[in-house]
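K.L.:
no sequence on this one, just coordinates:
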């Protein structure tokens, strides 16, 4: 079942729609990343995983349950939910949980991520999670925002975290 209301639109808002795959064109400004796409079956799998894990969120203080699911380089789907704590700063975001699940399963690259919550406006990852995503993703990586009913907004990592600092900035082996 297709949950994306605009399944034929490109992730890159400056490019025209060209078919059933959501795509970011290779080396298309402002994205400098390999071609990234989310197929309809991948999108459905991300949506189902994020919705299921959102039901398990531990959000007794805010009441704001969030589920996140990501697609890794091998096509694996990894999910996480927010886990609040009475000592507020030590809670965990859904995106951080999904990334930890990917790493634990052997994945090393985020090809797409969907964040799902029940909110009147589309939600995006917090600043810390944007940086966490950056560690394992390309600038053109799709970041999708969903409600329980549908995908509501599409971004790329570069749109949410422009001119970002990443692993390539560090000198390795020095």
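P.N.:
Sure thing, it's come through. The model shown is predicted, which means the values in this text are computed figures rather than measured ones.
K.L.:
For residue 130, see how far away residue 165 is.
P.N.:
Remark: distance between residue 165 and residue 130 (CB to CB, to the nearest Å) = 11 Å. The way it works is simple: take the backbone N, C-alpha and C, and place the C-beta from them, glycine included.
K.L.:
And these two? Which one has more around it.
P.N.:
residue 130 (18 against 10; other CB atoms under 10 Å).
K.L.:
ok, and the closest non-adjacent residue to that one?
P.N.:
Using CB to CB, 6 or more residues apart in numbering and skipping the chain neighbours, the partner closest in space to residue 130 is residue 161 (4.4 Å).
K.L.:
can you count the residues close to that neighbour?
P.N.:
For residue 161, the count of nearby residues is 21 (other CB under 10 Å).
K.L.:
now residue 141
P.N.:
28.
K.L.:
And for residue 96?
P.N.:
20.
K.L.:
Settle this for me: it is touching residue 129, isn't it.
P.N.:
Yes. Assessed by CB atoms under 8 Å, residue 96 is found in contact with residue 129 at 6.1 Å.
K.L.:
contacting residues around the closest residue to residue 109 other than its chain neighbours?
P.N.:
Take residue 109 and drop its neighbours on the chain: the residue closest to it by CB to CB, 6+ apart is residue 73, 4.0 Å away. Listed by CB atoms under 8 Å, 6 or more residues apart in numbering, the contact set of residue 73 reads 107, 108, 109, 111.
K.L.:
okay, these in CSV with secondary structure, neighbour count and pLDDT next?
P.N.:
Output for these, formatted as CSV (DSSP: H, G, I helix; E, B strand; the rest coil; neighbours: other CB atoms under 10 Å; pLDDT from 0 to 100):
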residue, secondary structure, neighbour count, pLDDT
107, coil, 21, 98
108, coil, 11, 97
109, coil, 14, 97
111, strand, 22, 97
